[in-house]
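Student: with the sequence up front, the predicted model follows.
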Amino acid sequence: MDDSKVVLWKSVAALMQKHYGRENLTRLAKDCKFGPATAVRLKEGKTSVGLEVIDKIAKHFNVQAWELLVPAFDPSNRPTLQPLSEQERRLYARLAEAVKEIREEDR
């Protein structure tokens, strides 16, 4: 599983490619209204960026913030969340109960 900083950068890079035609940290920083050093930190993944930065990026590119943290994010085929069906909800409840019973037996 990829580190969330790597996933975030790959998503931002994909959005820049789609919207700018190339990676452009200077334009990203200007358009998203944060400093160029923040854009560099984002790319290098050496330090975390705050939720404010993620929100600014998402707003600028008209995506949801959570989408930027989905591995293999594709701006042309954005991820969706689907609610559980009633059958899935019952199945997960039964699985959770079975896991609880197994853990109690192991004690």
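Tutor: Perfect, I can see it now. The structure presented is a predicted model; accordingly, all values stated were derived computationally and were not measured. Residues are numbered from 1 along each chain as shown.
Student: go through the helix or strand where L15 lies and flag the buried ones.
Tutor: L15 is located in helix 4-20, with elements delineated by DSSP states H and E. For helix 4-20, the neighbour count (16 or more other C-beta atoms under 10 Å) marks K5, V7, L8, W9, K10, S11, V12, A13, A14, L15, M16, H19 as buried. C-beta here means a position set from N, CA and C on the backbone, and glycine is covered the same way.
Student: excluding its backbone neighbours, what's nearest the last one?
Tutor: Read it as H19. Of all residues beyond its chain neighbours, the one nearest H19 is F61 (6.5 Å), with distances taken as C-beta to C-beta, 6 or more residues apart in numbering.
Student: OK, contacts around that neighbour?
Tutor: Contacts for F61 (C-beta atoms under 8 Å, 6 or more residues apart in numbering) come out as L15, H19, P75.
Student: among these, which one sits closest to L42?
Tutor: Distances from L42 to these, taken as C-beta to C-beta, are shortest for L15 (11.8 Å).
Student: against S4, how distant is the residue nearest to the closest one when sequence neighbours are not counted?
Tutor: Nearest residue to L15 in three dimensions, chain neighbours excluded: F61, at 4.7 Å (C-beta to C-beta, 6+ apart). The gap separating F61 from S4 is 18 Å, by C-beta to C-beta, to the nearest Å.
Student: in this structure, where is pLDDT below threshold?
Tutor: 1 (pLDDT under 70).
Student: again, 80 this time
Tutor: 1-2, 107 (pLDDT under 80).
Student: residue nearest the centroid of it?
Tutor: Nearest to the geometric centre of the chain sits L69, at 1.0 Å (C-alpha atoms, centre = their mean).
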